[in-house]
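Asker: Mind folding the following:
(one chain, ligands or ions: 1)
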Amino acid sequence: MGTFNHLPLNNKETIVGEFDLLVTKTDAKGRLTYASSAFQKIAELNEEELLGQPHNIIRHPDTPRSIFYHLWTYISKGEEVFAFVKNRTKSGGFYWVLAHVTPITHIKTGEIYGYHSSRRRMPPHVRSGIEELYARLREVEAKFSHPKEAAMEAHKVLLQEIGAQNSIDYTKWLFNLIAQQSLAA
Ligand SMILES: Cc1cc2nc3c(=O)[nH]c(=O)nc-3n(C[C@H](O)[C@H](O)[C@H](O)COP(=O)(O)O)c2cc1C
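Answerer: Numbering: from 1, shown residues only. Below is the predicted model:
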């Protein structure tokens, strides 16, 4: 269990259907507590392989560290985060999604006890731009030996590149990108 993510990657893409909704939930530390059957099918992993595992078991190295830094910085403060994510499948392939991640809080105390992610297919027309942006972020990250420093420095570059001061600007950028390109399509 949990060792498949060291298996070699290949370039086989799994297409996420237009109406697929891939859902997972985690505890406060990011360990999986739920995976929808649609998620299990695309990830090629069953509940036994998933539950209790850290969410990074499906991590694909093409998604920059700075994107996950952005994700955790804001969800741990109680905000919702949208992100384009390339994930790996068990057999080493990949799929792209637009993820919406939110904290799950106790109704009375407001304390965060877990997180929820729902993913739809990535709008196809944003893909090449995001692939280029993520490649640039990975280049920045490669200059640092310390992973946290790499993530933080590339996150600054991300915000600079998209002209964002904060997470609200980032979300606006993401939705403008989808809307603009949809209009152009
Ligand atoms: C609800 C939730 C959903 C997540 N979904 C993904 C995901 O689909 N793919 C992924 O690589 N990481 C996802 N993460 C982030 C991982 O916890 C982790 O930060 C990321 O894979 C980077 O791993 P690393 O910090 O060990 O390099 C999710 C986290 C949470 C809380």
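Asker: alpha carbons only for contacts and neighbour counts from here, please
Answerer: OK.
Asker: can you tell me which residue is nearest the centre of the chain?
Answerer: For the chain, the residue nearest the mean C-alpha position is V85 (3.9 Å; CA atoms, centre = their mean).
Asker: hey, C-alpha coordinates of the longest helix along the chain in PDB?
Answerer: Looking across the chain with DSSP state H, the single longest helix is helix 167-184. C-alpha atoms of helix 167-184 as PDB (Å, rounded to 0.1, in the frame of the first residue of the first chain):
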ATOM      1  CA  SER A 167      -5.600  34.600  -3.100                       C
ATOM      2  CA  ILE A 168      -8.700  36.600  -4.300                       C
ATOM      3  CA  ASP A 169      -6.800  38.000  -7.200                       C
ATOM      4  CA  TYR A 170      -5.500  34.500  -8.000                       C
ATOM      5  CA  THR A 171      -9.000  33.100  -8.100                       C
ATOM      6  CA  LYS A 172     -10.200  36.000 -10.300                       C
ATOM      7  CA  TRP A 173      -7.200  35.300 -12.600                       C
ATOM      8  CA  LEU A 174      -8.200  31.600 -12.800                       C
ATOM      9  CA  PHE A 175     -11.900  32.300 -13.700                       C
ATOM     10  CA  ASN A 176     -11.000  35.100 -16.100                       C
ATOM     11  CA  LEU A 177      -8.700  32.600 -17.900                       C
ATOM     12  CA  ILE A 178     -11.600  30.100 -18.200                       C
ATOM     13  CA  ALA A 179     -14.100  32.800 -19.300                       C
ATOM     14  CA  GLN A 180     -11.800  34.600 -21.800                       C
ATOM     15  CA  GLN A 181     -10.700  31.500 -23.500                       C
ATOM     16  CA  SER A 182     -14.300  30.100 -23.600                       C
ATOM     17  CA  LEU A 183     -15.400  33.300 -25.300                       C
ATOM     18  CA  ALA A 184     -12.600  33.000 -27.800                       C
END
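Asker: Tell me the residues of this structure that contact the ligand?
Answerer: Counting by CA under 6 Å from any ligand atom, the residues of the chain close to the ligand are 25-26, 30, 55-56, 58-59, 68, 87, 101, 115-117.
Asker: Return the distance of the helix or strand of the chain with the lowest mean pLDDT from the chain's centre.
Answerer: Least confident helix or strand, the chain: helix 167-184 with a mean of 86, by mean pLDDT, DSSP states H and E. Chain-centre distance of helix 167-184: 17 Å, with CA atoms, centre = their mean, to the nearest Å.
Asker: now what about that helix, what contacts it?
Answerer: With CA atoms under 8 Å, 6 or more residues apart in numbering as the contact definition, helix 167-184 has outside contacts at 74, 81-83, 123, 125-126, 159, 162-164.
Asker: biggest separation within those, which pair?
Answerer: Within those, two members stand farthest from each other by CA to CA: Y74 and H125, at 26.5 Å.
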